[in-house]
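[1] Here is a sequence together with a model predicted from it:
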Amino acid sequence: MATIEELKAALPLPDLLRSMGLGDYAKKLCCSPLRKDNSPSWGIYQDDKGWHWKDFATGEGGDELDLLQAFHNCTVKEALNHYADKVGLPKIEKAPTVSIGKIPDPGEWHQAVEALAGNPQILSHLAKWRGYSKTLLAGLIEHGLAGLVGEAIAFPIYNEGGAYQGMHLRTESGWRITGGGNQPWLIGHHDAANVHVFESQWDAMAFMDSHGYGNGSWKAETHACLVTRGASNAKKLEGRLHSGQKVYIWPQNDEAGAKWASQVAEMAAGDVFKVKVPDGIKDANDWLKSAGREALQTGVAMARPIPKVKAEVPAEEVPAGLVIKCYSELQTTPMVVPPQVIDGVLYKAGKMIVGGTSKGRKTWSLMDLAAAVATGGKWWDFQTNLGDALYINFELQEFNFRQRMEAILKARKAKDASRLHVLNLRGQAADMTVLRPILERAIEQRDFSLLIFDPIYKLLGNRSENDASEMADLMNEFEALAVQSTAATIFAHHFSKGAQGSKFAIDRMSGSGVLARDPDAIAILSEHQEEDAYICETILRAFPALPPFGLRWDFPQLKPCADLDMEGIRQPGRKKKCSDKQIFDLLHRDGLTSNEWQDRAKEEYDVGRSLFYQVMQRLEKTDMVFKHQEGVWMPMAARK
């Protein structure tokens, strides 16, 4: 008795079509032989799994056996016999392991569940293959959600009334439906507060695993899953999604998934949110395997609302954003903390402002931050988390931006800059109210971790930076962009005029205090008395306070330094202290004692003893000077 693989090898799809008198349909594109078709919408193709046919108008398709079933409107067994006839082999008499073509006895599903429960090897393989926990698998068996037929994993099919009508089997030759039609699969209560819609049961079960299904954490009244069993079945959800529910759509990362998501959104009556699986990951199940359960929890928290055409709201109806909730209701809702973009400083969807003097290395520092996030490196000793970063540049000409970024990437020894993006808008200052919706459309299909606007004053439009209400309006625009994109937004701003050392850090920036008080994180770069040195002070809303720290310019980056005097903020009219190189140049080739060298530094640059010895230690550490046995300091070149 021949197997299906032997039949396919003996009579592949093109030859099978010819043997059926359908040779004219053995083409990549033609009219369908299975229905009345006025325009070409049917074709055959071959991949590494064999030959297939596809009806692009109906979404139907499959292999040789599927074609025979569709053509003869028959069961799998009858199709196998038709195939054997064409090949010239004896008919297949072996009965299938489950009933085909009729509504089966529910007892066969109970047997399938028991078969899976009694096969630890298959369960172990399933856990390893799909990345599922043992508690999830135990929950699936306990609630009768997965079974085993022969060596095929099976899932149940129920009609809208909840009656069992067959199985969805994963066989070696593909998915098979037994009994009734391919109905969507509801896992949980139809009136749950949140319904999560998936193309595949594998993705649904990854979500269930991330929310504790099987270990007692799953809240049936809070979450339910709805599986369409394929991207072509979205329209079968008609009437299954209620207006009182929040609908979360989990599309797979391909063209079919995007189309499926749009169709599901049309079926939904209530609020709809789209969960973005990260670029480079196929689906929710692969996301679970690569990033763990917490990633899927974060995916729900960061889901983006899908705008719907809004009906006119009665005047007396309370807007959704103003509905008062009981705290006990919030306690029962899973609390998911968004990912951090900069560890200990800023979360995704948060806002941050970086302030400093004109030409005070703000742009260099923000470009360095964008490169750090795009490559997963450190920034000023803060660890950043790998993600896509978009730099909206209003300041530099494109060639100059590229020159700077190339120097930064080289300093970071970064080889892959594919996550770094730039929007060059030099000479195109725009009102943020006008720019925001344009940006939202441009970044809609991307999952940016970070958006940097440099500088903010280019986005004021007709607003005055000294007007509190107008600056509050500008901050609301950034807030709306952060919520819609889920990305952290950072913008650069300049100091006000006058002495800065006598002011609190939060008051040093120009304009209304709203600019300093609205963001979730503030980094203030104040010039130090020492040349090319800065003091950074941070003000954080969501993290513990950090002490001020020093930074020195080391082209093309500002780098942390521990020896900078934290009281040394430069005041207008006061000269900056000399650089390390200037102190080095005072050292005679024949050498000087410590006292002689310090006296010269005091005379030339008014350098105090403490600062002088800090510089001397740095010069020794960088091998620019050495101490001779006689106690004389000499430049390293004198050794040659």
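    Alright, I've got the coordinates. Residues are numbered from 1 along each chain as shown.

[2] Pass me the low-pLDDT residue ranges in the chain, would you?
    Low-confidence segments of the chain (pLDDT under 70): 1-3, 89-104, 161, 172-173, 179-181, 308-322, 429, 494-512, 568-577, 638-640.

[3] Ramachandran coordinates for the residue nearest to Ala487 when sequence neighbours are not counted?
    Spatial nearest neighbour of Ala487, chain neighbours left out: Phe448 (4.1 Å); criterion: Cβ to Cβ, 6 or more residues apart in numbering. In short, each C-beta sits where N, CA and C put it, glycine included. As for Phe448, its main-chain torsions (degrees, to the nearest 10) stand at phi -80, psi 140.

[4] can you check the one 3 residues further on too?
    Recorded main-chain torsions at Leu451 are phi -120, psi 130, according to degrees, to the nearest 10.

[5] Counting neighbours, what do you get for it?
    25 (other Cβ atoms under 10 Å).

[6] Ok, Ala117 next?
    18.

[7] distance of it from Tyr83?
    35 Å (Cβ to Cβ, to the nearest Å).

[8] returning to what we had before: bridging residues for the residue nearest to Ala487?
    Counting by DSSP bridges, Phe448 forms beta bridges with Asp388.

[9] what residues are up against it?
    Counting by Cβ atoms under 8 Å, 6 or more residues apart in numbering, Phe448 makes contact with Gly387, Asp388, Ala389, Leu390, His421, Ser485, Ala487.

[10] Leu592 too?
    Contacts of Leu592 (Cβ under 8 Å, 6+ apart): Arg600, Val632, Trp633.

[11] The last one and Leu587 touch, don't they?
    Yes - with contact defined as Cβ atoms under 8 Å, Trp633 and Leu587 form a contacting pair (6.3 Å).

[12] More neighbours: which of these two?
    Leu587 (22 against 19).

[13] which residue sits closest to the more buried one, ignoring its sequence neighbours?
    Pro635 (5.6 Å).

[14] do the same with Arg404
    Nearest to Arg404 is Met367, by Cβ to Cβ, 6+ apart, at 5.9 Å.

[15] measure the residue most central in space within the chain to Leu420 for me?
    Residue closest to the average C-alpha location in the chain (Cα atoms, centre = their mean): Pro278, at 4.1 Å. Noted for Pro278: a distance of 16 Å to Leu420, by Cβ to Cβ.

[16] residue ranges of the strands in the stretch 101-250 of the chain, please?
    For the stretch 101-250 of the chain, applying DSSP state E, counting those that start in this stretch gives strands covering 147-149, 152-158, 164-171, 174-177, 185-187, 194-198, 223-227, 246-250.

[17] Oops, could you answer that again for the stretch 451-600 of the chain instead?
    Under DSSP E, counting those that start in this stretch, the stretch 451-600 of the chain gives strands at 488-494, 521-527, 533-540, 549-554, 557-561.

[18] returning to what we had before: quick check, the residue nearest to the centre of the chain in a strand?
    No - assessed with DSSP: H, G, I helix; E, B strand; the rest coil, Pro278 is coil; it does not lie in a strand.

[19] phi, psi of the closest residue to it other than its chain neighbours?
    Spatial nearest neighbour of Pro278, excluding adjacent residues (Cβ to Cβ, 6+ apart): Asp447 at 5.8 Å. Per-residue torsions, Asp447: phi -110, psi 80 (degrees, to the nearest 10).

[20] Now for Asp447, how many residues are close by?
    17.

[21] same thing with Gly212?
    19.

[22] Contacts only, for the nearest residue to it once chain neighbours are set aside.
    With sequence-adjacent residues excluded and distances taken as Cβ to Cβ, 6+ apart, Gly212 is closest to Trp218, at 5.1 Å. Counting by Cβ under 8 Å, 6+ apart, Trp218 touches Gly139, Met208, His211, Gly212.

[23] got the contact list for Arg362?
    Rather than Arg, residue 362 is Lys. Val354, Gly355, Gly356, Asp454, Pro455, Ala492, His494, Leu525.

[24] how much space between the last one and Met475?
    Separation of Leu525 from Met475 (Cβ to Cβ) stands at 21 Å.

[25] what's the answer for Val272, then?
    Relative to Met475, and taking Cβ to Cβ, Val272 is found at 28 Å.

[26] Test my guess that the residue nearest to the centre of the chain contacts Leu296.
    No - with contact defined as Cβ under 8 Å, Pro278 does not count as touching Leu296 (11.1 Å).

[27] anything in contact with each of these two?
    Trp287.

[28] quick one, helices of the stretch 251-400 of the chain?
    Using DSSP state H, counting those that start in this stretch, the helices found in the stretch 251-400 of the chain span residues 255-267, 284-291, 293-301, 327-331, 362-375, 398-411.

[29] Quick check: which of those helices is nearest to Leu126?
    Closest to Leu126 of the helices of the stretch 251-400 of the chain is helix 284-291 (Cβ to Cβ; 11.7 Å).

[30] buried residues in the closest one?
    Across helix 284-291, burial judged by 16 or more other Cβ atoms under 10 Å covers Ala284, Asn285, Asp286, Trp287, Leu288.

[31] With stretch 264-283 instead?
    For stretch 264-283, by 16+ other Cβ under 10 Å, it's 264-265, 267-268, 271-277, 281, 283.

[32] Reformat the contacts of Lys362 into a markdown table and put distance to Asn400 and neighbour count next to each item.
    A markdown table is the format used below for those (distance: Cβ to Cβ, whole Å; neighbours: other Cβ atoms under 10 Å):
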| residue | distance to Asn400 | neighbour count |
| --- | --- | --- |
| Val354 | 19 | 26 |
| Gly355 | 22 | 26 |
| Gly356 | 19 | 24 |
| Asp454 | 13 | 23 |
| Pro455 | 15 | 18 |
| Ala492 | 16 | 24 |
| His494 | 19 | 20 |
| Leu525 | 21 | 23 |
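
[33] Go through the residues you listed and name the one nearest Leu13.
    Asp454 (58.0 Å).

[34] partner residues bridging that closest one?
    Per DSSP bridges, residues listed as beta-bridge partners of Asp454: Asn393.

[35] could you measure it against Gly356, distance?
    12 Å.

[36] cool, and Asp283?
    Counting by Cβ to Cβ, the gap from Asp283 to Gly356 is 44 Å.

[37] Over to Gly591?
    40 Å.

[38] now swap in Leu474 and tell me
    Remark: distance between Leu474 and Gly356 (Cβ to Cβ) = 19 Å.

[39] So Ala303 sits against Tyr248, correct?
    Yes - proximity of Ala303 to Tyr248 meets the contact threshold set by Cβ under 8 Å, at 5.7 Å.

[40] Tell me which of those two has more neighbours.
    More neighbours surround Tyr248 than the other of Ala303 and Tyr248, with 22 against 19 (other Cβ under 10 Å).

[41] so that one bridges to which residues?
    Applying DSSP bridges to Tyr248 gives these bridge partners: His196, Phe273.

[42] can you check Thr171 too?
    Thr171 forms beta bridges with Gly174, as assigned by DSSP bridges.

[43] Quick one: neighbours of it, just the number.
    14.

[44] Please report how far it lies from Gly344.
    Per Cβ to Cβ, Thr171 is found 51 Å from Gly344.
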